[in-house]
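Participant: structural data only, the sequence is not supplied:
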């Protein structure tokens, strides 16, 4: 029997390009990655009358999981929470490789007909809000082969699911005399498919999630891999397979097992994060002690595995089944903790005096952040500086109407918050339709409230982007607490009406309150 979802999918035929008669929508979703596909699902389920399309700048869906192709790429969260609540994770591995995650996203889009709503190679370059029409005009650069053209879409609500980093380039520091190096230098964000490192000496610069993934993966065939870090990061081992999940799935229906495991993992994550913030010294000692046991007694844990900051001041690095520790213990990889003085023809000279011989250098030095996919935004002709706005409930921005942005948790799986935001957007749209409103805009009138960075991590990629990121307040609804239970009550069950959210009707200039 044909399902409601299948009928809805059939009602929206596939389109690869916009035409003059097909550019007006109720909702435009920007980005066809993990967040965008999830947003489209919830829109279709909860707002069945809303007409929407997904604009994707690249030629394929999948976002992060399609872009990154470096060896060993995997999730750094368990897939029962990084995966969708509405689509049970199907693999035995809770910590999954990138290709399996990409297949999961693509298969989800196909099953629910979401793939038919995606317009590929449609890069959003700007968006302009007009209060007179209560619509966004979205400027899009469409690419087809060698030809490019500018299109203009309009929508009532703009939903940004384009992630938070620059897809074009990662963070790539310059070191002295790099041009002298006779080997090859690569960045993980644009991994060359022709790179042959078998039997070669590899230096991976960095100590974050990408570096700890690359080292054991490359050590399988390289002569030796050295992870060169300026300072240590917290590294935590976790089983690749979730024994409880695999047991429940053998005895229970897939949907029920998925919900139970998801709940278990959410509660455990919240518990350990809370413990780390309440008792940072004890938690720090526990992490380092566990790492020391796995890596062996002869390893200098104090120098190479003891960070200068407290747990969760930066995101923890996850290694499945301690693969990094096992690789170092076997002698196929090592860690050097020092700063680079300069490159040499045969490797890197460190400030401490050591020289690292290398045939290949991988600069796993982090991401370059980009807000709203780099699109310029104007409201009634006024350019918006996002760094001067304040984040509302971690998803909208003060003074910007009918726009939401998907931004996941920094202390848990991205998708947990992304799905709460998707459900909240649907609630907003249905409330506006039911009450005849055209506009929803959060406004901050409390000039006395203190402001903080929107993302409270000390990670380098966050600090480098401090000048372009929005702020957050010190109290609800302007503060992001990074707490799933709290957000669940606020976004899924809480009232839409508060002192900050203003609902208006078309023609009223943004900034003028509507009287009751």
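Facilitator: Received it, and whenever you're ready, just let me know what you need. Because the structure is predicted, anything quoted here is derived from the model rather than measured.

Participant: going forward, measure contacts between C-alpha atoms and count neighbours the same way
Facilitator: Will do.

Participant: who touches residue 274 in this structure?
Facilitator: By Cα atoms under 8 Å, 6 or more residues apart in numbering, no residues touch residue 274.

Participant: distance check, it against residue 453.
Facilitator: Shown here: residue 274 relative to residue 453, a distance of 20 Å by Cα to Cα, to the nearest Å.

Participant: what about residue 130, how many neighbours?
Facilitator: 18 (other Cα atoms under 10 Å).

Participant: strands along the stretch 351-500 of the chain, start to end?
Facilitator: 355-357, 360-363, 376-379, 382-383, 391-392, 396-397, 403-405, 439-442, 452-453, 471-472 (DSSP state E, counting those that start in this stretch).

Participant: for residue 185, find the nearest of those strands.
Facilitator: strand 360-363 (4.8 Å; Cα to Cα).

Participant: per-domain residue ranges of this structure.
Facilitator: As given by automatic domain parsing, the domain ranges for the chain are 4-167+369-504, 178-363.

Participant: and the shortest one, how far apart are its ends?
Facilitator: Read it as domain 178-363. 12 Å.

Participant: how far off centre is it?
Facilitator: 19 Å (Cα atoms, centre = their mean, to the nearest Å).

Participant: list the contacts for the nearest residue to residue 326 once chain neighbours are set aside?
Facilitator: The spatially closest residue to residue 326, leaving aside those adjacent along the chain, is residue 295, at 6.5 Å (Cα to Cα, 6 or more residues apart in numbering). Residues in contact with residue 295 (Cα under 8 Å, 6+ apart) are 325, 326, 328, 329.

Participant: does residue 315 touch residue 412 like I think?
Facilitator: No: the criterion here is Cα atoms under 8 Å, and residue 315 misses it with residue 412 at 9.2 Å.

Participant: who has more neighbours, these two?
Facilitator: Neighbour count, other Cα under 10 Å: between residue 315 and residue 412, residue 412 has more, with 23 against 18.

Participant: got the contact list for that one?
Facilitator: 77, 269.

Participant: try residue 506
Facilitator: Here residue 506 is in contact with 131, 132, 133, 134, 437, 438, 439 (Cα under 8 Å, 6+ apart).

Participant: helix, strand or coil for it?
Facilitator: coil (DSSP: H, G, I helix; E, B strand; the rest coil).

Participant: by contact count, what packs against the helix or strand containing residue 45?
Facilitator: Using DSSP states H and E, residue 45 falls within helix 34-46. With contacts defined as 3 or more Cα pairs under 8 Å, 6 or more residues apart in numbering; DSSP states H and E, the packing partners of helix 34-46 are helix 4-10, strand 24-30, helix 98-111, helix 414-435.

Participant: sheet-wise, list the partners of the helix or strand just after that helix with their directions.
Facilitator: Downstream of helix 34-46, the next assigned helix or strand under DSSP H and E is strand 52-55. Under the criterion DSSP bridges, strand 52-55 sits next to strand 24-30 (parallel), strand 118-119 (parallel) in its sheet.

Participant: need the contact partners of strand 52-55.
Facilitator: 25-32, 36, 40, 117-124.

Participant: and if we set it to 10 Å?
Facilitator: With contact meaning Cα atoms under 10 Å, 6 or more residues apart in numbering, strand 52-55 is reached by 12, 15-17, 23-32, 36-37, 39-40, 43-44, 114-124, 140, 142, 155, 157-162.

Participant: so residue 319 makes contact with residue 236?
Facilitator: Yes: when contacts are counted by Cα atoms under 10 Å, residue 319 is listed as touching residue 236 (6.1 Å).

Participant: overlap in contacts, the two.
Facilitator: In contact with both residue 319 and residue 236: residue 325, using Cα under 10 Å, 6+ apart.

Participant: please say which of these two ends up with more neighbours.
Facilitator: residue 319 (23 against 17).

Participant: is the more buried one in a helix, a strand, or coil?
Facilitator: Quick answer, by three-state DSSP: residue 319 is strand.
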